[in-house]
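Enquirer: with the sequence up front, the predicted model follows.
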Amino acid sequence: MAQNEALDIVVLAGGISHERDVSLRSGRRVADGLNRLGHRVALRDPDASLLAFLNESLPAVVWPALHGASGEDGALRGLLELTGVPFVGSKADASRLAWSKPTAKTIVERAGVATPRSVTLPQETFRELGAGSVLETVLAGFSLPLVVKPAQGGSAQGVTIVATAEELPRAMVDAYTYADVALIEEKVNGVEVSVAVIDTGDGPEALPAVEIEPIDGAYTFDARYNAGETRFYVPARLDEAVTTGVAEAAATAHKALGLRHLSRIDLIVDAAGAPWFLEANVLPGLTETSIMPQAIAAAGREPGDVYAALAVAAIADA
């Protein structure tokens, strides 16, 4: 298929997850980029009519821009596979692996990339063993500071950096607001970077790493999506050898998890220059403040061109 052939593309955005508003912003950016290239784009919110619409209209490709559970846990992607309509992004099985942060950490660590020490705790553990004894054991077994996050989810929702023992109970409550399972990690001090990985048919390519420096010290939901609350350095301020190691770690994580077309791999680079894997995102944010569009621009490309190339790759992979 010719790269410049006009395609009928359905962009999915919105959904019912906690990240609906971000998804709508991402979807509009994808649709705008594809429209500028002459593609025929339908921007749709997934609802009860979606599957019938796809079966009747048979678009050339579906471009999911759905963040959170509705787009990243594998369920919708599994249904798209059943429809036979090509779609951009990872298949259902790989999405499920990446969606579970503890599972992703285990897989990537086995592939040779370091990841912070952690423990995974369902809510039931607190009811069964008692909150007091569980928290005491956690504090005895780990060194502060800690990072507490929902085991599933994105956009830093429910994530807390715990500096003191007194902060841990509240952090657990916040994490359980977004998922029934929480992940507690030892915090690795260093430079926070995020690496977008794309594959348009020639294998995974790590784009320039983006260094993240939140003005208030934590890369929260507001810091991610409100302009002016985070400083980004593209490419990251790392020396050449460390930059290479970060790119290799991101590509390794992408391949180990079986991801397809695009991902964003979040890492911490410690004082010795070693990258530590934090999590993988099968559908990175694509808003005006998101990391992936910045990385695409730093690579000397136009986001719309990349989104179109990914659509063509999805058709080729179907």
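Expert: Everything's here; your move.
Enquirer: pairing partners for the residue most central in space within the chain in the sheet, please.
Expert: Compute the mean C-alpha point of the chain, and by C-alpha atoms, centre = their mean the closest residue is residue 281, 1.9 Å away. The residues paired with residue 281 through beta bridges, assigned by DSSP bridges, are residue 264.
Enquirer: check contacts around it.
Expert: With C-beta atoms under 8 Å, 6 or more residues apart in numbering as the criterion, the residues that contact residue 281 are 72, 98, 154, 263, 264, 265, 266. C-beta: built from backbone N, CA, C; applies to glycine.
Enquirer: residue 306 now?
Expert: 198, 200, 296.
Enquirer: and the second one, that's in a helix?
Expert: It stands for residue 200. No. Note on residue 200: no helix contains this position according to DSSP: H, G, I helix; E, B strand; the rest coil, which reports coil.
Enquirer: that one and residue 311 touch, don't they?
Expert: No. No contact is recorded between residue 200 and residue 311 when judged using C-beta atoms under 8 Å, the distance being 9.6 Å.
Enquirer: comparing these two, which residue is more hemmed in?
Expert: Neighbours were counted for residue 200 and for residue 311 using other C-beta atoms under 10 Å; residue 311 has more, 28 against 19.
Enquirer: who touches the more buried one in this structure?
Expert: Residue 311 makes contact with 7, 9, 34, 39, 60, 61, 63, 88 under the criterion C-beta under 8 Å, 6+ apart.
Enquirer: what do you get for residue 206?
Expert: Under the criterion of C-beta under 8 Å, 6+ apart, the contact partners of residue 206 comprise 195, 196, 197, 246, 247, 248, 250, 251.
Enquirer: can you get me a residue count around the first one?
Expert: Put plainly, it is residue 195. Taking other C-beta under 10 Å as the neighbour definition, residue 195 ends up with a count of 28.
Enquirer: what of the fifth one?
Expert: For residue 247, the count of nearby residues is 20 (other C-beta under 10 Å).
Enquirer: touching, it and residue 196? I think so.
Expert: No. Taking C-beta under 8 Å as the contact criterion, residue 247 and residue 196 are not neighbours in contact, 10.7 Å apart.
Enquirer: how long is stretch 161-177 end to end?
Expert: 16 Å (C-alpha to C-alpha, to the nearest Å).
Enquirer: just to revisit the earlier point, next, format the contacts of residue 206 as JSON lines and append secondary structure.
Expert: Written out in JSON lines, the entries for these read as follows (three-state DSSP):
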{"residue": "195", "secondary structure": "strand"}
{"residue": "196", "secondary structure": "strand"}
{"residue": "197", "secondary structure": "strand"}
{"residue": "246", "secondary structure": "helix"}
{"residue": "247", "secondary structure": "helix"}
{"residue": "248", "secondary structure": "helix"}
{"residue": "250", "secondary structure": "helix"}
{"residue": "251", "secondary structure": "helix"}
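Enquirer: for the residues you listed, which one is nearest residue 285?
Expert: Using C-beta to C-beta, the shortest approach to residue 285 within the contacts of residue 206 belongs to residue 196, at 10.3 Å.
Enquirer: partners of that closest one in the sheet?
Expert: Beta-bridge partners for residue 196, by DSSP bridges, are residue 264.
Enquirer: offset the numbering so it begins at 414, please.
Expert: Sure, I'll start numbering at 414, so the last one becomes residue 609.
Enquirer: ok, it touching residue 699?
Expert: No. In terms of C-beta under 8 Å, residue 609 does not count as a neighbour of residue 699; the distance is 10.1 Å.
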